[in-house]
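Student: Show me the folded form of this:
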Amino acid sequence: MSEVAFLYATFPRPTETFVRRELRELGKLGFNPQIFSIWRGEPTWEGKHVNLFPFKSLCLLLFWIPYWAWKRPLAFKDVLGHLWATSCPNLQNWNETFLGLGFALVQAYEFKRKGYIRIHGVWATMPATAAFALHRLIDVPFSMGAHAYDVFRLNGDWLLSKKLAECDSVRTSSQSTGRRLKGLGVQDHRLFIIHRSLINWPKRDDFSLVSNHELKILAVGRLVEKKGYFLMLQIVNRLKENGIPFSLRILGGGPMENELLLETKRLSLSDDVSIQGHCSESEIQRAYLQNDIFIYTGIIASNGDRDGIPNVIPEALSAGMLVLGSNRAGCSEAFVDGQSGISLDPFDFNSWVGVLKQFFLDPQKFASMRRAAVLRAKEQFLAKENCKLLKMSFEL
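Tutor: Numbers count the residues shown, from 1 in each chain. Take a look at the predicted model:
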């Protein structure tokens, strides 16, 4: 089905592991969309051609803007009227919006010539803006992905309401984001809640502590406000005050790294907490088996941003870790509270310390929960099954 075009912001992007997993699995199912990367990227990926957008072609807008304004005057009036009448959330979204629109104006004639039967914007921001504009210009149906970042951060992007109103279908990966999308007017028959997929299944030999001397705790994710890392440091500081030996590894890079390092020093946790920066997918997979507990303290950030189900939660479940997850975002959807993971209030430090202390003193008490975590991951996040649903959503 090469007649379908997938639009990405940047492809491949190292941190977006799940989109690459899904492309691999869709390929096994005989679904091979054409890949377009709007903002840079690599020309090939695992033997597949990636269509990179040449920025120099934006100079052709001098021709294509008047051409399409003449061909589609109502579309121009509607979109430009919306942009004029509403405020842009931020400078980044301003850039993304106009780059997506510019891509569509320059590429529309070629897309029509190639006869694409569907265009899918993988993200609800720049890629979906491009897909929406192509739909308006050449009448090709479009669909879009919409995840937590896309719809919660600053209440979504500049053209979100237009895109959601006109797309054939919307794919999201969590119930919490699905509820938000329904509130924005997406009807049930257009909404597909399909979990992100796993293809690696680490094998844990036993469910005793990795080290008899300390708890080995792992956290993975970008160093940004919505991950709640400052709360995490408060939790492990209380754990230390309770005399429980531990080590916490935080894998991920981001803008808050220096602030977190300073907080670690302030709390005298430098010997207990390591912030290791961005790691490869294989390094993260190994880390799941090298640690006992996965801890996620996500919150709703000041700009409204939050996680749905972070990729790392099902990955940790699949590795048989004891997963402790915040109840302030969508991560607790990934497991059944009290059966395959534990949901906790990230602002109630003592509740986290209580569970961690119990685990250290009697790890076998949690062995059945960790086994159930592996089963839960296979039930909810198996790539083959989830990608069948995803493929079906493009064929309706």
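
Student: need the contact list for residue 107.
Tutor: With contacts defined as CB atoms under 8 Å, 6 or more residues apart in numbering, residue 107 is in contact with 53, 130, 134. Glycine gets a C-beta too; all of them are placed from N, C-alpha and C.

Student: so it is in which element?
Tutor: Per DSSP states H and E, residue 107 falls inside helix 91-114.

Student: Pull that helix out as PDB, backbone CA atoms only.
Tutor: What follows is helix 91-114, C-alpha atoms only, in PDB (Å, rounded to 0.1, in the frame of the first residue of the first chain):
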ATOM      1  CA  LEU A  91       7.000  30.600  18.700                       C
ATOM      2  CA  GLN A  92       7.800  26.900  18.200                       C
ATOM      3  CA  ASN A  93       4.300  26.200  17.100                       C
ATOM      4  CA  TRP A  94       4.300  29.300  14.800                       C
ATOM      5  CA  ASN A  95       7.400  27.800  13.100                       C
ATOM      6  CA  GLU A  96       5.900  24.400  12.900                       C
ATOM      7  CA  THR A  97       2.600  25.600  11.500                       C
ATOM      8  CA  PHE A  98       4.000  27.600   8.700                       C
ATOM      9  CA  LEU A  99       6.600  25.000   7.800                       C
ATOM     10  CA  GLY A 100       3.800  22.400   7.600                       C
ATOM     11  CA  LEU A 101       1.700  24.800   5.400                       C
ATOM     12  CA  GLY A 102       4.700  25.600   3.300                       C
ATOM     13  CA  PHE A 103       5.500  21.900   2.800                       C
ATOM     14  CA  ALA A 104       1.900  21.300   1.600                       C
ATOM     15  CA  LEU A 105       1.800  24.200  -0.800                       C
ATOM     16  CA  VAL A 106       5.100  23.100  -2.400                       C
ATOM     17  CA  GLN A 107       4.300  19.400  -2.500                       C
ATOM     18  CA  ALA A 108       0.600  19.400  -3.200                       C
ATOM     19  CA  TYR A 109       0.900  19.100  -7.000                       C
ATOM     20  CA  GLU A 110       3.400  16.200  -6.700                       C
ATOM     21  CA  PHE A 111       1.200  14.400  -4.200                       C
ATOM     22  CA  LYS A 112      -1.700  14.700  -6.500                       C
ATOM     23  CA  ARG A 113       0.300  13.500  -9.500                       C
ATOM     24  CA  LYS A 114       1.500  10.400  -7.500                       C
END
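
Student: Off-centre distance for that helix?
Tutor: 23 Å (CA atoms, centre = their mean, to the nearest Å).

Student: Name the member of the contacts of residue 107 that has the highest neighbour count.
Tutor: Among the contacts of residue 107, residue 130 has the most neighbours (other CB atoms under 10 Å), with 32 neighbours.

Student: Pull the contacting residues for the closest residue to it other than its chain neighbours.
Tutor: Leaving aside its sequence neighbours, residue 130 sits nearest to residue 100 (CB to CB, 6 or more residues apart in numbering; 4.1 Å). By CB under 8 Å, 6+ apart, the contact set of residue 100 is 38, 125-130, 133.

Student: can you do 7 Å?
Tutor: Listed by CB atoms under 7 Å, 6 or more residues apart in numbering, the contact partners of residue 100 are 38, 126, 129-130, 133.

Student: in the stretch 1-150 of the chain, what spans have low per-residue confidence?
Tutor: Applying pLDDT under 70 to the stretch 1-150 of the chain flags the ranges 1-2.

Student: what residue of the chain is the furthest out?
Tutor: Distance from the C-alpha centroid of the chain, by CA atoms, centre = their mean, peaks at residue 70 (38.8 Å).

Student: before we move on, what SS does that one have?
Tutor: With DSSP: H, G, I helix; E, B strand; the rest coil as the basis, residue 70 sits in helix.

Student: how near is it to residue 63?
Tutor: Using CB to CB, to the nearest Å, residue 70 is found at 11 Å from residue 63.

Student: Residue 87: how many residues sit nearby?
Tutor: Residue 87: 7 surrounding residues under other CB under 10 Å.

Student: Number the chain from 56, please
Tutor: Renumbered: residue one is now 56, and that last one reads residue 142.

Student: any idea how far it lies from residue 322?
Tutor: 40 Å.

Student: cool, residue 168 as well?
Tutor: Between residue 168 and residue 322 the computed distance is 61 Å (CB to CB).
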